[in-house]
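> Generate coordinates for the sequence data below:
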Amino acid sequence: MSGDETYQSVLALDGAHDLVRVADCPELQVTTYTVELWCKIPGPPPKSHSGWWAVLGKPGRGHSIFVSQSGTLHHRFHTSKSTNAGAPDTPAGSIKWGCWQHLAITNDGARARTYIDGELMAEGAVDGTLLADPTTFVLGANPDKGGVANGTSLRAEVAELRIFSRARDQEAICATMNRQLSGDEEGLVLYWPLSDGTARDLSPHGLHGECVGEPQKVFDPSLPVDDHRLDLEHPVLHFDGAAAYLEGGALPELMDAVTLEAWTRCEAAPNARGTLFRAFDEAFRLVLNAYLPWQGKVYWHAGSGKTDVLEQPVSADEYRELWTHWAFVKDCRNGEMTVLRNGAPWASISGKNRAIEGHIARIAVGAVITSDQGASLFWGGDLCDLRVWSVARSPEQIQTTMHHRLKGDEEGLVAYWPLDEEEGEVALDQSGNGHDLQIVGAQRRFGPVPLIEPEREAGSDSGATGLSDYAYWWHWKEHLAQEEVEEGVVYRRGRIAH
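This next block holds a predicted model:
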């Protein structure tokens, strides 16, 4: 897959004009099949839809899925004895409105089965020979209507459409339903991730779909599907909550806006007092501050002199021992302060127009540092990919980049600390602005952070070093087919080299 920003993005269909279709071809004329789709339907079909949502299928009722007003899944197919054969419907209420569900239908020519979220919900015998219709495959509209938007068109978010030319068993469906595919799975004839606003086919057959109407790419972090590129563990810094922190020098004057972002795995108890990030001016007056947590609340301070404050109660299960992306945003021009969790707005307040004036002379990460008492109020947990911007980033901008390492030259980026150094006592600023931080007591380790590294060719020597290259090398080496290992290839920690 390419390195585009598609993680946790899905395709939204409007229920009126939107659909996706692909012309028939020999690969789609399957006489045994598995069809899988992640689908979030907001509610039952209206009366104008005659009580049905048409999810997918081929004219002639080839491997088709419909959903009824009572929440049943209707699995239809075409045999030598009937153009409307099918498995029994699933029980009423098996479709949960407003929730992501994995739908799967299978047919081996003898029995047809319907699964929801990996659970067998209905099955029945196939009467007659299964036939493959030479017709257009349609997602989001009634296939019986010729592949055009019509009175039963689907209003839903959809993702991860897969068609196999064999009937997969329950174990195989469950093993991959929460993971993106590689594209070379046995029997895979069509694979639309639907994560980039298109119906690009990642199977070997290149059966790209045509989007009709205006299906929208939307970000939905509740989609329970992991990008296969997230298998890799990443280097992080561990703060012990007692003596570990980072400190460094100046940042430029921010004035109108600021965004602070980081991936964290917090270990603090709800009543703890831990400082994630703190910035001062030359007189040691507070300019920026993020407490995570402070006695049961998250605090975000931003401004000069007497800072503006946003505070929000937080429960331990919202952050403790979980990799969580936090973003702290202030726009002085409109007075909005916002905290986002995993890309979604979590807390906000308005009327906070105090400018972020003055030169930031000192930064502390993981502790409070005073001019005369040293460090205190330590933060405990794992941290990586810390970013400071001189702009108020929107939720959409944060969602687009939060799962991807930055290049360092992004507009508005003031400082960027990936925290992926292999050794040494300096956390390098990769923005090119030279705001390096001194590492005091923090330890290096690996963690399953949901970050996607920039893709590079295996075996290339890019000149980069560090724990991120070591992690990439290990992941690549572990997955390299044995017959591909060439004699004379030298593996060494830190880089991939011949």
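> CA atoms for contacts and neighbours, from now on please.
Noted.
> Where does pLDDT dip in this protein?
In the predicted model of the chain, residues 1-7, 146-151, 228-232, 268, 270-271, 371-373, 454-498 satisfy pLDDT under 70.
> mind running it again at 50?
The chain contains residues with pLDDT under 50 at 1-4, 456-498.
> And it, what are its domain boundaries?
9-228, 234-447, 467-497 (automatic domain parsing).
> could I get those as TSV with mean neighbour count and distance to Glu453?
Formatted as TSV, these follow (neighbours: other Cα atoms under 10 Å; distance: least, Cα to Cα, whole Å):
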stretch	mean neighbour count	distance to Glu453
domain 9-228	20	12
domain 234-447	20	6
domain 467-497	14	8
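> Chain neighbours aside, what residue packs nearest to His73?
Not quite, residue 73 is Leu, not His. Val67 (4.7 Å; Cα to Cα, 6 or more residues apart in numbering).
> actually Pro235, sorry about that
Phe446 (4.5 Å).
> Check the gap between that neighbour and Trp323 for me.
12 Å (Cα to Cα, to the nearest Å).
> Show me the strands in the stretch 51-200 of the chain, by range?
All strands of the stretch 51-200 of the chain, identified by DSSP state E, counting those that start in this stretch, fall at 52-58, 62-68, 73-79, 82-86, 100-107, 111-116, 119-125, 137-139, 155-164, 188-192.
> and what of the stretch 251-400 of the chain?
257-266, 273-280, 286-294, 297-302, 308-313, 323-331, 336-341, 344-349, 362-365, 368-370, 374-376, 380-389.
> Trp53 is nearest to which of these?
strand 344-349 (29.1 Å; Cα to Cα).
> same for the closest one, what does it pack against?
strand 308-313, strand 336-341 (3 or more Cα pairs under 8 Å, 6 or more residues apart in numbering; DSSP states H and E).
> phi, psi of the residue lying farthest from the centre of the chain?
Most distant residue from the mean C-alpha position of the chain: Lys81, 44.8 Å away (Cα atoms, centre = their mean). The phi/psi pair for Lys81 (degrees, to the nearest 10) reads phi -110, psi -10.
> In contact with it: list those residues for me.
Taking Cα atoms under 8 Å, 6 or more residues apart in numbering as the criterion, Lys81 is in contact with 127-129.
> Show me which of those residues is closest to Val388.
For the contacts of Lys81, the nearest to Val388 is Thr129 (62.8 Å; Cα to Cα).
> how much space between the residue nearest to Cys266 when sequence neighbours are not counted and Gly374?
Setting aside the residues directly before and after it, Cys266 is nearest to Gly381 in space (Cα to Cα, 6+ apart), at 4.4 Å. Using Cα to Cα, one obtains 21 Å as the distance from Gly381 to Gly374.
> before we move on, what about Arg444?
Taken as Cα to Cα, the span from Arg444 to Gly374 is 23 Å.
> Please verify my assumption that Thr32 contacts Arg111.
No - assessed by Cα atoms under 8 Å, Thr32 is found out of contact with Arg111, at 10.1 Å.
> quick one on the thing from earlier: would you agree the residue nearest to Leu73 is in contact with His74?
Yes - distance between Val67 and His74: 5.9 Å, which falls inside the contact criterion (Cα under 8 Å).
> what about stretch 104-120, distance to the chain center?
Distance, stretch centre to chain centre, for stretch 104-120: 28 Å (Cα atoms, centre = their mean, to the nearest Å).
> swap that for stretch 329-348, please
Counting by Cα atoms, centre = their mean, stretch 329-348 comes out at 20 Å from the chain centroid.
> end-to-end on that stretch?
Span of stretch 329-348 from end to end, Cα to Cα: 9 Å.
> Contacts for it, please.
Applying Cα under 8 Å, 6+ apart, the contact partners of stretch 329-348 are 221, 255-260, 300, 302, 310-312, 324-328, 349-356, 391-393, 395-396, 398-399, 402.
> Output stretch 407-417 as PDB, nothing but the C-alphas.
The C-alpha trace of stretch 407-417 is given here as PDB (Å, rounded to 0.1, in the frame of the first residue of the first chain):
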ATOM      1  CA  LYS A 407       8.800  14.900   7.000                       C
ATOM      2  CA  GLY A 408       9.700  17.900   9.100                       C
ATOM      3  CA  ASP A 409       9.000  20.600   6.600                       C
ATOM      4  CA  GLU A 410       5.300  20.900   7.000                       C
ATOM      5  CA  GLU A 411       3.800  24.400   7.000                       C
ATOM      6  CA  GLY A 412       3.500  25.800  10.500                       C
ATOM      7  CA  LEU A 413       5.600  23.100  12.200                       C
ATOM      8  CA  VAL A 414       7.800  24.800  14.800                       C
ATOM      9  CA  ALA A 415       9.400  21.700  16.500                       C
ATOM     10  CA  TYR A 416       9.100  18.000  15.900                       C
ATOM     11  CA  TRP A 417      10.700  15.400  18.300                       C
END
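> Thank you kindly, that will do.
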